[in-house]
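> sequence and predicted structure, then a few things I'm wondering about:
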Amino acid sequence: MSAHLKQDQPDDRNVLDSTAQGIIGEPLTRPDGLLKVTGTATYSAEYDIENCLEGVLVTAPFAKGTVTSIDESSVTDMPGVIAVISDQRMTPRAIQGTAGEAPITGVCKVDYWGQPIALVVAETFEEARNAAKHLVIEYDADDDAVFDPQAVEPKPDDDPTRQGDLASAMSDAAHSVDVEYDTEGHASAAMEPHAAIAEWDGDTLTVHASLQMLNYNISELADAMELEESKVRLIARYVGGGFGSKLGISQEIVAGSVAAMELGRPVRVVMSRQQVFQNVMRRSETTQRLRLAVDSEGKLTAFGHEALVSNLPEEDFVEPVLQSSHFLYAGENRLLESKTARIHLMTAGSVRAPGEAVGMPVLEAAMDELANEVGIDPIKLRLNNIPEEHPATGLPFGSHKLAECLKQGAKAFGWDSGPRKPRQNREGEWWIGTGMASAARVHNVGEAKARVTLQPDGTALIETDMTDIGTGTYTILGQIAGEMVGLPQDSVLTELGDTRFPRGPGSGGSWGAASAGSAVFLACEALREEIADKVGQPVDTLTFKDGVVSWDGGSSSLADVAGDEALAKEGHYEPGDIAEDYTAASFGAFFTEVAVNRWTGETRVRRMTGAFGFGRVLNAKTARSQCLGGMVWCIGSALTESLLFDPTDGHLANCDLAEYHVPVNRDVPELEVIMVEERDPVGSPIQAKGVGELGMCGGAGAIGNAIYNACGARLRSFPMTPDKVLAAMPDD
Ligand code: MOS
C-alpha cells in the first residue's frame, strides 16, 4: 500500500506539532557522525573490490578543437598498463544540460581546456597516473576560442520582465542609483573528489559513485551506456559534499563504466583535485547592472536588475542571477533581464545557491548604496519595500519572514539604526564598520518516494535512494519517522543512497529535506492508519510514544502490533499545482562587523549574525550547520574566492585548494545563527522549506557594505581582495 500526495493546497494541519515523541526539531546528533569522524564511513572510492583496476583520466591540453589521434602504443608497454580507453562515449560533457553527441570513431571534439579525452587503466593507481602523463596525443586546436565574456555579443535568455517605464521612473525619482557590479567564477570545492568504482555482473552495471541525485543520475548513466535503467544500480551511501558539482554524472563514472565493460574487471576512477576543479562545473562570473529609485518616502519606484553570465556554446544552464530579485522588493517600474555570452571555458552549472549566491550580494550592495544616497537606515529601506505579493505575477506568498529576520537579526547583533556615515571608527591601523543585507532563496520541492517499515521488533526502517551530502538527511528522516510513529532516534534505521530503494528527490536546490521528509511523513501517516486498524481504534485518538501506541483505556507495543510480519508503507510526494497559486521562498538577514587595514587593504570579518526563516526546523543542529556553512561561503565569495582562467589559453590557473582560496578557520569568526520560528503550509506537508543554500544568499553583500562603512571604499567587484580595497580606499 502506498500513500500518495500531489500537493495542490497548503497543508496547515501541522501534524508534527501535535505528536508525542518530542524529537522533531531537536538538535539530535547525526547517526552517521561517529562513522565520519572516525574514518569508518565508506566513501565511494573506498570500497575494497576484488580484482579492481585503476583508471586515470587524461585531459585536453587545449581549449577548443579536435583530438586527431591517441597513440595507445606510447604507453601500452609501460609497467602495469592494461589499456587506454578513448571511446567517444566517455567524452560527452555529461553533466547537466547537454548530452554527448553521436560517437565519431577516432575523433574527439574538445570544448574546453582540461576536458577528459581518454582513460588510462593499469593495475595500480601509480602506474595508471604515470602512463596517463606519457600518453601521446595529437590534436588540431582551433584558433577562434574565446575566453572573455565581454568579447562576444551575448544572447538574451528567457523573456525579460518589463513593467511600466524604468527609464522615466529613474529620471523622475527623488533618489536613485545606477551601478554596475561584477562577480568572479566560483568552484564548488567539495572536500571529497569525484570518484567511481564500476563493476559489471553479466549485463548489469553497479557503480559506487559520489553523487547528489541518484534518481536522475541513473537515467543519465543508462543513457550514456545505452542500457535499460533496470540494468543499472548506483550506490552513494556517503557523499563528502557536492554543492552542485555532483548533481549530474561526470566523466569518471562513464569512463569507468566503459572501461569495466571492455576489460571485464571492476575499474576505479578518482579525479585528482585539479581535475575536479577543471571539469565538474564552474559558477559563471557575472556582470550586473542595478537601477534602483525611490520616492521621497523611501518606497521603490524603479527596480532594474540586468545580468550577463556565460557558458559553453550549446549548454542549457544559465546562472539564474535574478531569481529572487523577481519578488524580493516592490517597485512598479521593473526591468529584469539576463543574457548569456558563449565562451570556451568549462561548463558553467549549479554551484551552491545558483543565482542568489551572486545576484543577492549585488542587489544588497546596490540597496546599501541607495540607503546611503537617501540617508536612511538600510534596514528601514528594506522594511519599506517588502511587497504584499509577487510584484510581477501577483501571486500571494506562503509564509514570509523577511521582516522578522531583519528585526530579530538587528536586535541580536546590536545594530545601530539610523542614517550611516563611513569612516567613523578606527582602531590603530584598522578601520571598523558594520553592514547588513537581506537573504532570499526560492523554495523548491521535487517528487520523492520513501518506504518506512515497522519491523517485528518494533523498530522502524526507512529506505529511499535520497542522498546525504553532509546536510543531515540520515538524521532528519529518522526524526520525522520517529516523531510520527513514536520511536526514539536509536530505534529508527535510515538507509539511503541506493537506487534499489524507492526514488527520492536527490539533494539539490535545497529541496531535499522538505521533499524526502514529506515522503517519509506520508509513509508514516499510512503506517499510523494501519496501526489504528490493527488495534481497532480511530487513528486520531492514538498517542505514539517510545515504541508504544496508546489510547483511552489501553495500549500496545509497536512490536506487538507488528507481530511476525513487518508493516511496510511507501510514501510518495509530488509537487502539485500549489506552485501556480503561491510564491514560496525562504528569507533571512545578515549583519556583520569587519576591520579593514588602512595600509594593506586586508579585510577581516570580526563577527556575523544571520537570522533565517525557512519553515519548520527539523533538527536545530543540522539546520544551524547549514546556515553556518552558508555564512562561511559568504566570507569566501566576499573576500577571496575567484576562478582565474589564463586569458591566453583558457586554462584554470588556480585549480587546487592552495590557490583557490576558501576561508579557513582563521578567516571565520564566531558566527551567530538565529532560526526564526515559522511554519509554511505552502512549503510542504511538513511545513518546512529549503535552508541548504539560504545562508549564502546575500551575506557577501553585507560584508561589502561593512567594508564601505568601515573605510569608505565602495567596491563594485567581488571578491573584494586587498588590492581592490586599497585601490578604492579614500586618502586619509
Ligand atoms: Mo545545488 S548547487 O542544487 O547542489
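Cool, the structure landed.
> can you show me the strands along the stretch 301-450 of the chain?
333-342, 426-427, 430-442, 448-454 (DSSP state E, counting those that start in this stretch).
> what's the local residue count around the closest residue to Pro320 other than its chain neighbours?
Closest residue in space to Pro320, ignoring its immediate chain neighbours: Gly355 at 3.5 Å, by C-beta to C-beta, 6 or more residues apart in numbering. To be clear about C-beta, it is placed using only N, CA and C from the backbone, and glycine gets the same treatment. Gly355 is flanked by 25 other residues according to other C-beta atoms under 10 Å.
> quick one: residues contacting Gly355.
Residues in contact with Gly355 (C-beta atoms under 8 Å, 6 or more residues apart in numbering) are 319-324, 442.
> try Ala702
364, 435-437, 590-592, 608, 634.
> same deal with Gln21?
482-483, 486-488, 544-546.
> what does Asn385 give?
Contacts of Asn385 (C-beta under 8 Å, 6+ apart): 298-300, 329-331.
> likewise for Ala365?
Taking C-beta under 8 Å, 6+ apart as the definition, contacts of Ala365 comprise 181, 437, 701, 704-705, 716.
> can you put the residues you listed in TSV and add pLDDT, secondary structure and neighbour count?
Formatted as TSV, the contacts of Ala365 follow (pLDDT from 0 to 100; DSSP: H, G, I helix; E, B strand; the rest coil; neighbours: other C-beta atoms under 10 Å):
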residue	pLDDT	secondary structure	neighbour count
Tyr181	98	strand	22
Ala437	99	strand	30
Gly701	98	helix	32
Gly704	98	helix	31
Asn705	98	helix	30
Arg716	98	coil	18
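> count of residues packed around Phe501?
Residues lying near Phe501 (other C-beta under 10 Å) number 18.
> is it in a helix, a strand, or coil?
When classified by DSSP: H, G, I helix; E, B strand; the rest coil, Phe501 comes out as coil.
> over to Ala145?
Under three-state DSSP, Ala145 comes out as coil.
> how far away is it from Leu345?
For Ala145, the distance to Leu345 equals 9 Å [C-beta to C-beta, to the nearest Å].
> contacts only, for Ser417.
Ser417 touches 377, 379-380, 410, counting by C-beta under 8 Å, 6+ apart.
> kindly report the same for Ser350.
96, 244, 247, 281, 317, 508-509.
> may I see these organised as a markdown table, with pLDDT and distance to the ligand added?
Shown next, in a markdown table, are the contacts of Ser350 (pLDDT from 0 to 100; distance: C-beta to the nearest ligand atom, whole Å):
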| residue | pLDDT | distance to the ligand |
| --- | --- | --- |
| Gln96 | 40 | 10 |
| Gly244 | 96 | 3 |
| Leu247 | 96 | 5 |
| Met281 | 90 | 9 |
| Phe317 | 94 | 11 |
| Gly508 | 97 | 3 |
| Gly509 | 97 | 4 |
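> for the residues you listed, which PyMOL command selects only the ones that are buried?
Of the contacts of Ser350, the buried ones can be selected in PyMOL as follows, counting by 16 or more other C-beta atoms under 10 Å:
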select buried, resi 96+244+247+281+317+508+509
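> what domains does the record give for this protein?
Domain segmentation of the chain under automatic domain parsing yields 2-30+446-576, 44-144+189-279, 356-443+584-728.
> pick out the most distant pair among the contacts of Ser350.
Across those, the longest distance by C-beta to C-beta is 14.4 Å; it joins Met281 and Gly509.
> what about the strands in the stretch 451-600 of the chain?
Using DSSP E, counting those that start in this stretch, strands in the stretch 451-600 of the chain cover 460-463, 492-495, 543-545, 548-551, 554-557, 567-575, 585-597.
> and the second one, how far out from the chain's middle?
Distance of strand 492-495 from the chain centroid (C-alpha atoms, centre = their mean, to the nearest Å) equals 24 Å.
> the ligand contacts on the chain?
212, 242-244, 247, 350-352, 354, 508-509 (C-beta under 6 Å from any ligand atom).
> show me which of the residues you listed is closest to Ala224.
Nearest to Ala224 among these, with distances taken as C-beta to C-beta, is Leu247, at 15.4 Å.
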